[in-house]
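Trainee: sequence-free structure coming up:
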């Protein structure tokens, strides 16, 4: 392969949704580019579109097919939407993983749990040091977020510098992780940035972002004034918040208990990587029984209403021997992600029934980990990029962020998943669109979003499932009456409409098969189509539903 | 039956959720009370808990079993969550329906569509006139909400007066419907109110409610300044908002087009009942083609993201020949109900992709139709009830409203669905709990929430469905190998784990049946249990799922 070297950006996940971040940078002659993949995250399923699915991730097919040219997988930070898919997708990528030490520790956990070799993970130094990977030189720029060692990336190439923001906020007192260093950003900007690929999640938040330190006084007051037990829930991976909450509890004479596996894992990783200096001691739940309730604080998983998490179990009954009592306080120190309101609402009502005081997701007790609109403008001003490519957000976020960039005089390109952006010349432009998609972890299996498997599940949930057993002889003679079982449909019919749905279906299928005649019934496909058509027609007529139909054809030799 | 006359309140729906309002008042000796039912509403399904269901309503079993003692069904206003279940549940209630004229018109529509006689609906006069129904005298007190002729009820009984708030807000300039009449409330209060049953939905909104008139200037500005077509969506039944939007469009030189059946129905009913004086003329969509886009305004259904509604179709393609263009404006003049965020988000992103300017549910363009916390306090102060029983809200709303009442010195009782509250004495108290529940319209069938039908659908959606056909002779001999079909599960297995899930299941079921022996296989139930156990075990082992299992057993006579 020959030809002009091209520098390209291709989002495979995260540009068109919030979550499942996966961005590909390429450099070299078209058809022979070398690549680095930035982040390998998951997003979470919901009943509406992905019932029964365990995790959702970007389909890595484009880079998996070119894995021999993948120089490295760079992980910006240890949140699930940036690192959660690593164990599942690494076998198709087979490239070294590079991250700062705390992130590397979490990345190694992911690989180990998937039965892979964790030694593939290399630790990166911090900017202004950098790592050479093929034609790329990658610097890990410390940024404030809500987890230790979050890093933006300076990606230097022969065609110029890209600044990849990762998730960031302009927090000068983040309590956990490095503060926003305006001068470092300005210096990088002065060196010249060809393209800024930038977090867009909070572009609709119009006020400047607040610091993690801003919520400490309110949380302190709550810990001090609450009469009984205080329980707080937030994302397990929001380590900054875990520390803020635990510290406030400790400072107000409360012992800190942690409930939920994900939170314990995160905190232990923080201790191991020495990124949680001053985190108060943690009390074993078994010892906590002997501590008066007003001297106790529980950090619990489940802020998004997950049914099996600690807070859901505390709300409905008990967890590890603990029960809530009237007068206890539960704080949701988190934002409810769209789609989870009903699940969270269920828990809020259960807590109300137990006369527990609930403090809902509320600005007094929560700040976002992402840059708001004025903060994004400041980032633009400091880095002075030649081009802005909004990243990480739904389409409407990308669009609004591009408008913001243009308003500030920066040429901006909207690139959602699959858009190949050429960054070689002065002006970034979309030059191609490649196929992208989603893959699911479903139980222990990886399946494709377009396989039809989940679609069948959704259809069964909406319409019910009718199973028909047909017994035929080889020559097409019916050897017995068809037999029907219904699942997820009412079998009883209103008066005057027939004995039952099952019985009506059996009669109508038998009639249809008999009418079709032996010739037609020799062919299985014809039988299946006829059965399906009959079932849908009859069920729609009798109960107003067009169910999913499965036909089992038993063929017997003539007896 | 003899004994002391009791005055009771029993919520059958709406107390423990928002929606499906249905409240029962009783007077007379226990076991022989006469009843009035207030409201007969629906709530809407969601994929999480009620996939495939069309409508959800309160189970009327308690009053249906006592229908001979039901004096009347009173409808407070024409919103779906107050009147939507009338056509489906009336056959089990068979009582006269009483409502003010506009509400009566909608109630008649509901009965007619269900094939019932609309003449059962009687029109009520307005307070201070009243209607005698058995031992109750019911006055319809005009209140402001977001629909014409909304009415609180003064329910006078030999044991005292109940004030049933219905949905209300303290709006002195509601634009549609009667303004809040503080003096009327005060006068009713001076006459003595034993119990106030009161709307609780907005108890967590801490600021005083704003008037419909407050949003007119912003909507006028939007209509004036928008360069292209303006489309607005809101609830079809928010007639106040329909009028506000249409009027502002008209005042700014835009012709008004209405898209969506529900909205057209509501507006036509408003015209028929003469409750929409001054509503601007409506332009036929076919004529609108010839009007310049900047002189056009479309009112569209679908503010909650409903897939088939007008705004969803406009966002994804076209509707009635109309397509959106870059520069058009879409206004969501509504609040997104929890659970609908993902569906609404999908539409917002589709609109962003078409470069349409979207104005999301926003305080500038939307006010609630319910009383906020300070407004509720004002209602308490004006009516001075001896007892407060919070109504219409989730448990947490009822609890917070009761706390608010107590803080104002009013004894308050939390009564969620099924709680029988005795209002005979000075102090209201819960004296019994009766069974309540939900019934579903599913296709054209009514089914019970606890029938297991929807549960099976949810399980199939989460776990998939395995169908097994087993052929046995009467004596328990396997006459053929079992046959398996999977629906909603991946059939292919990872390398080294077997040919396919189907094939592995067939082999293991056959082995299990053979091991069980002929004696055991004579019994269908034993076979079913064994098949189910085997399928769950094998599927969990191979793919990490425990599917729903349906077994079809074919028994043959020995050949």
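Mentor: Cool, the structure landed. Because the structure is predicted, anything quoted here is derived from the model rather than measured.

Trainee: helices and strands of chain A: which one has the lowest mean pLDDT?
Mentor: Ranking every helix and strand in chain A by mean pLDDT, DSSP states H and E puts helix A:285-288 at the bottom, with a mean of 88.

Trainee: where's it relative to the chain centroid, distance-wise?
Mentor: 33 Å (C-alpha atoms, centre = their mean, to the nearest Å).

Trainee: packing partners for the helix or strand just after it?
Mentor: Using DSSP states H and E, the helix or strand that follows helix A:285-288 in sequence is strand A:296-300. Applying 3 or more C-beta pairs under 8 Å, 6 or more residues apart in numbering or on different chains; DSSP states H and E, one finds that strand A:296-300 contacts strand A:230-233, helix A:239-251, strand A:255-259, helix A:310-316. Heads up, the C-betas are built off the backbone N, CA and C, glycines and all.

Trainee: between the third one and strand A:296-300, how big is the angle?
Mentor: Just to be clear, that refers to strand A:255-259. Orientation note: strand A:255-259 sits at an angle of 20 degrees relative to strand A:296-300 (axes from the mean of the first three to the mean of the last three C-alpha atoms, to 10 degrees).

Trainee: got the residues of the stretch 51-200 of chain A near chain B?
Mentor: Taking C-beta under 8 Å from any C-beta of the partner chain as the measure of proximity, the stretch 51-200 of chain A contacts chain B at A:51, A:52.

Trainee: Any stretches of the stretch 51-200 of chain A with poor pLDDT?
Mentor: Nowhere does the stretch 51-200 of chain A drop to pLDDT under 70.

Trainee: all strands for it, in order.
Mentor: A:55-58, A:70-74, A:97-99, A:121-123, A:131-133, A:136-142, A:151-157, A:160-164, A:195-199 (DSSP state E, counting those that start in this stretch).

Trainee: so how far is the last one from its chain's centroid?
Mentor: Right, the one you point to is strand A:195-199. For strand A:195-199, the distance to the chain centre is 21 Å (C-alpha atoms, centre = their mean).

Trainee: Next secondary structure after that strand?
Mentor: Immediately after strand A:195-199, counting by DSSP H and E, sits helix A:216-225.

Trainee: So what's the gap between that following helix and the chain middle?
Mentor: 31 Å.

Trainee: hmm, back to that, which parts of the least confident helix or strand of chain A are buried?
Mentor: residue A:288 (16 or more other C-beta atoms under 10 Å in any protein chain shown).

Trainee: For that helix, which helices and strands make contact with it?
Mentor: Going by 3+ C-beta pairs under 8 Å, 6+ apart, helix A:285-288 lies up against strand A:255-259.

Trainee: now what about the strand it packs on, what contacts it?
Mentor: A:246, A:249-250, A:264, A:267, A:280-285, A:288, A:291, A:295-301, A:310, A:314, A:319-320, A:322 (C-beta atoms under 8 Å, 6 or more residues apart in numbering or on different chains).

Trainee: Follow the chain on from it and name the next helix or strand.
Mentor: Past strand A:255-259, the next helix or strand by DSSP H and E is helix A:261-272.

Trainee: need the helices for the stretch 51-200 of chain A, in chain order.
Mentor: For the stretch 51-200 of chain A, applying DSSP state H, counting those that start in this stretch gives helices covering A:61-64, A:80-83, A:86-93, A:101-113, A:182-190.

Trainee: how about those, which one is nearest residue B:330?
Mentor: helix A:80-83 (29.0 Å; C-beta to C-beta).

Trainee: Show me what the closest one is packed up against.
Mentor: Against helix A:80-83 (3+ C-beta pairs under 8 Å, 6+ apart) you get strand A:42-43, helix A:101-113.

Trainee: where does residue A:214 sit relative to residue A:199, distance-wise?
Mentor: Distance, residue A:214 to residue A:199, by C-beta to C-beta, to the nearest Å: 20 Å.

Trainee: between those two, who's got more neighbours?
Mentor: When neighbours are counted by other C-beta atoms under 10 Å in any protein chain shown, residue A:199 comes out ahead of the other of residue A:214 and residue A:199, with 29 against 14.

Trainee: In contact with the more buried one, which residues are there?
Mentor: Per C-beta under 8 Å, 6+ apart, neighbours of residue A:199: A:165, A:166, A:167, A:168, A:370, A:371, A:376, A:391, A:392, A:393.

Trainee: quick one on the thing from earlier: going by neighbour count, which of the contacts of strand A:255-259 are buried?
Mentor: Looks like those have A:246, A:249-250, A:267, A:280, A:282-283, A:288, A:296-301, A:310, A:314, A:319, A:322 buried, using 16+ other C-beta under 10 Å.

Trainee: Redo the helices and strands packed on strand A:296-300 as CSV? Include mean pLDDT.
Mentor: Below are the helices and strands packed on strand A:296-300 laid out as CSV (pLDDT from 0 to 100):
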stretch, mean pLDDT
strand A:230-233, 97
helix A:239-251, 96
strand A:255-259, 97
helix A:310-316, 95
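
Trainee: most tightly surrounded among the ones you listed?
Mentor: strand A:230-233 (a mean of 29; mean count of other C-beta atoms under 10 Å in any protein chain shown).

Trainee: now for that strand, which elements pack on it?
Mentor: strand A:296-300, helix A:310-316, strand A:329-332.

Trainee: And the contacts of that strand?
Mentor: Defining contact as C-beta under 8 Å, 6+ apart, one finds that strand A:230-233 is touched by A:222-223, A:245, A:249, A:254, A:296-303, A:309-311, A:314, A:324, A:328-334.

Trainee: same thing but 7 Å
Mentor: A:222-223, A:245, A:249, A:254, A:297-303, A:311, A:314, A:328-334 (C-beta atoms under 7 Å, 6 or more residues apart in numbering or on different chains).

Trainee: do the same with stretch A:443-460
Mentor: If you take C-beta under 7 Å, 6+ apart as the criterion, stretch A:443-460 is touched by A:50-54, A:88, A:437-440, A:488, A:548, B:457, B:460-461, B:464-465, B:487-490, B:543-545.

Trainee: Check which residues of stretch A:425-432 are buried.
Mentor: Buried positions in stretch A:425-432, judged by neighbour count with 16+ other C-beta under 10 Å: A:428, A:430.

Trainee: chain center to it, what's the gap?
Mentor: 29 Å.

Trainee: what does stretch A:20-39 give?
Mentor: 22 Å.

Trainee: winner for burial among the helices of the stretch 51-200 of chain A?
Mentor: Greatest burial across those, using mean count of other C-beta under 10 Å, falls to helix A:80-83, with a mean of 26.

Trainee: Pull the number of nearby residues for the closest residue to residue A:487 other than its chain neighbours.
Mentor: The spatially closest residue to residue A:487, leaving aside those adjacent along the chain, is residue A:465, at 4.5 Å (C-beta to C-beta, 6 or more residues apart in numbering or on different chains). For residue A:465, the count of nearby residues is 26 (other C-beta under 10 Å).

Trainee: And residue A:465, its phi and psi?
Mentor: In terms of degrees, to the nearest 10, the main-chain angles of residue A:465 are phi -130, psi 130.

Trainee: OK, contacts around it?
Mentor: With C-beta under 7 Å, 6+ apart, residue A:465 has these contacts: A:487, A:488, A:547, A:548, A:550, B:460, B:465, B:487.

Trainee: Pipe those residues into TSV and attach pLDDT and distance to residue B:510 per row.
Mentor: Listed next are these as TSV, based on pLDDT from 0 to 100; distance: C-beta to C-beta, whole Å:
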residue	pLDDT	distance to residue B:510
A:487	97	23
A:488	97	28
A:547	98	29
A:548	98	26
A:550	97	20
B:460	98	25
B:465	98	20
B:487	97	21
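
Trainee: got the end-to-end distance for stretch A:292-303?
Mentor: Distance between the boundary residues of stretch A:292-303 (C-alpha to C-alpha, to the nearest Å) amounts to 25 Å.

Trainee: Fine by me, we can end here.
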